[in-house]
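Chemist: Predicted model and sequence follow; I will ask about them next.
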Amino acid sequence: MSTLKIHTIESAPAESKASLENSVKAFGMLPNLHGVLSESPELLEAYKTIHQLFSNSSFNAEELTVVWQTINVEHACHYCVPAHTAIAHMMKVDPALTEALRNNTAMPTEKLQVLQDTTLLIVRNRGHISDAALDAFYAVGYGQRQVLDIILGVSQKVISNYTNHIANTPVDEPFQKFAWSK
């Protein structure tokens, strides 16, 4: 049962209506997460803006998926893991990578494994990371920008994962075939 209201365009605060209409145009539906976030027009706008910024960051589709799903799985987000599984499929990410992330098994390449490990360290240690861990990250070809881009991804996922925990947001019908639990 949801503990926070899931707004429709009609029931949402006036300041959120245009953003929700844009969500429907973009997704062909109103994602339940957006309906929940719309209670706070500022949070909805922040989430959508950070999503766009992270999507346009220095990471490719596989790397975006690794960061998103690593955080989603670590936070045990019942909503975002299936949603980002669907997004990964739309982005043409290899389903084997998506399944490895969902099941917390090894990444297919050393570079993606280091990205996942670094993301986990940042999440679990609330941004505290050793020089040795950063050196390992840099050794596989990442740089300072990518460390900061992980933090951008964490910012987005904190908004959605924490909101979904509090709201117990129902998984949207198109994502239900990718249902997941920790």
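Modeler: On my side now, so go ahead.

Chemist: who touches the spatially most central residue of the chain in this structure?
Modeler: Centroid check for the chain by C-alpha atoms, centre = their mean gives Trp68 as the closest residue, at 4.0 Å. Trp68 is in contact with Cys80, His84, Ile87, Gly153, Gln156, Lys157, counting by C-beta atoms under 8 Å, 6 or more residues apart in numbering. All C-beta atoms are positioned from the backbone trio N, CA, C, and that covers glycine.

Chemist: how would you label the fifth one: helix, strand or coil?
Modeler: The reference is to Gln156. What DSSP: H, G, I helix; E, B strand; the rest coil gives for Gln156 is helix.

Chemist: which residue packs closest to it, ignoring adjacent ones?
Modeler: Nearest residue to Gln156, sequence neighbours excluded (C-beta to C-beta, 6 or more residues apart in numbering): Ile50, at 4.3 Å.

Chemist: what bits of this protein have low per-residue confidence?
Modeler: Applying pLDDT under 70 to the chain picks out residues 1-2.

Chemist: Can you list the residue ranges for strands in it?
Modeler: Remark: no strands are assigned in the chain by DSSP state E.

Chemist: For it, just list every one of the helices.
Modeler: Using DSSP state H, the helices of the chain run over 14-27, 32-37, 41-55, 61-74, 80-90, 95-102, 110-124, 131-139, 144-167.

Chemist: Pretty sure Val114 sits against Gly141.
Modeler: No - using C-beta atoms under 8 Å as the test, Val114 is too far from Gly141 to be in contact (9.0 Å).

Chemist: The two: who's more crowded?
Modeler: Between Val114 and Gly141, counting by other C-beta atoms under 10 Å, Val114 is the more crowded of the two (20 against 10).

Chemist: Relative to Thr49, how far out is Gln110?
Modeler: Quick fix: residue 110 reads Glu, not Gln. Separation of Glu110 from Thr49 (C-beta to C-beta, to the nearest Å): 33 Å.

Chemist: Let me see the contact set for the nearest residue to Gln113 once chain neighbours are set aside.
Modeler: Leaving aside its chain neighbours, Gln113 sits nearest to Met107 (4.0 Å; criterion: C-beta to C-beta, 6+ apart). Neighbouring residues of Met107 by C-beta under 8 Å, 6+ apart: Val66, Leu97, Ala100, Leu101, Gln113, Leu115, Gln116.

Chemist: ok, so what distance separates Met107 from Val93?
Modeler: Distance from Met107 to Val93, by C-beta to C-beta: 12 Å.

Chemist: Repeat that for Asn32.
Modeler: For Asn32, the distance to Val93 (C-beta to C-beta) stands at 23 Å.

Chemist: was I right about Glu21 contacting Thr8?
Modeler: No - contact status for Glu21 versus Thr8: not in contact, 11.1 Å apart, counting by C-beta under 8 Å.

Chemist: Could I get the contacting residues of the residue nearest to Glu63 when sequence neighbours are not counted?
Modeler: The shortest distance from Glu63 to any non-neighbouring residue, by C-beta to C-beta, 6+ apart, is to Leu115 (6.0 Å). By C-beta under 8 Å, 6+ apart, Leu115 lies in contact with Glu63, Val66, Val67, Met107, Phe137, Tyr142, Gln146, Ile150.
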